[in-house]
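*Asks:* Okay, structure incoming, though there's no sequence with it:
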């Protein structure tokens, strides 16, 4: 069920209510600080969610389209330091499987 809240308040609601999501979709601002803040704020959910989806994660330059390299940098750094399962990316999205 989508939550019509900003990410930080949405994460707090999940935590307070003890809600364990199956899927979590991160679509923060397009700067490093915004993405990293969201990832850190919901890090406790990684152990619960079966899958995380990230938006605007591009592995190669796309001519004429926004690339948002800071989005990729934040995801890459966060998951390099965070145990997780399989990581896949393509078409501007990334998917991270549950940690094992």
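*Replies:* Perfect, thanks for sending it. All values reported here derive from a predicted model rather than from experimental measurement.

*Asks:* For the residue most central in space within the chain, grab phi and psi.
*Replies:* Closest residue to the average C-alpha location of the chain: residue 26 at 3.8 Å, with Cα atoms, centre = their mean. The phi/psi pair for residue 26 (degrees, to the nearest 10) reads phi -100, psi 120.

*Asks:* so it sits right up against residue 38, yeah?
*Replies:* Yes - using Cβ atoms under 8 Å, residue 26 is in contact with residue 38, at 5.5 Å. C-betas here are computed from N, CA, C, even on glycine.

*Asks:* okay, and the common contacts of these two?
*Replies:* Shared contacts of residue 26 and residue 38 (Cβ atoms under 8 Å, 6 or more residues apart in numbering): residue 7.

*Asks:* who's in contact with residue 53?
*Replies:* Neighbouring residues of residue 53 by Cβ under 8 Å, 6+ apart: 23, 24, 25, 26, 93, 94, 95.

*Asks:* Drop anything exposed from those residues.
*Replies:* Taking 16 or more other Cβ atoms under 10 Å as the criterion, what is buried in the contacts of residue 53 is 24, 26, 94, 95.

*Asks:* Just name the closest of those to residue 15, please.
*Replies:* Proximity of those to residue 15 (Cβ to Cβ) peaks at residue 24, which lies at 12.4 Å.

*Asks:* Confirm the closest one sits in a helix?
*Replies:* No - Residue 24: not assigned to a helix; according to DSSP: H, G, I helix; E, B strand; the rest coil it is strand.

*Asks:* Can you tell me how far it is from residue 67?
*Replies:* Separation of residue 24 from residue 67 (Cβ to Cβ, to the nearest Å): 23 Å.

*Asks:* For this structure, which segments count as strands?
*Replies:* For the chain, applying DSSP state E gives strands covering 23-26, 51-55, 87-90, 93-97.
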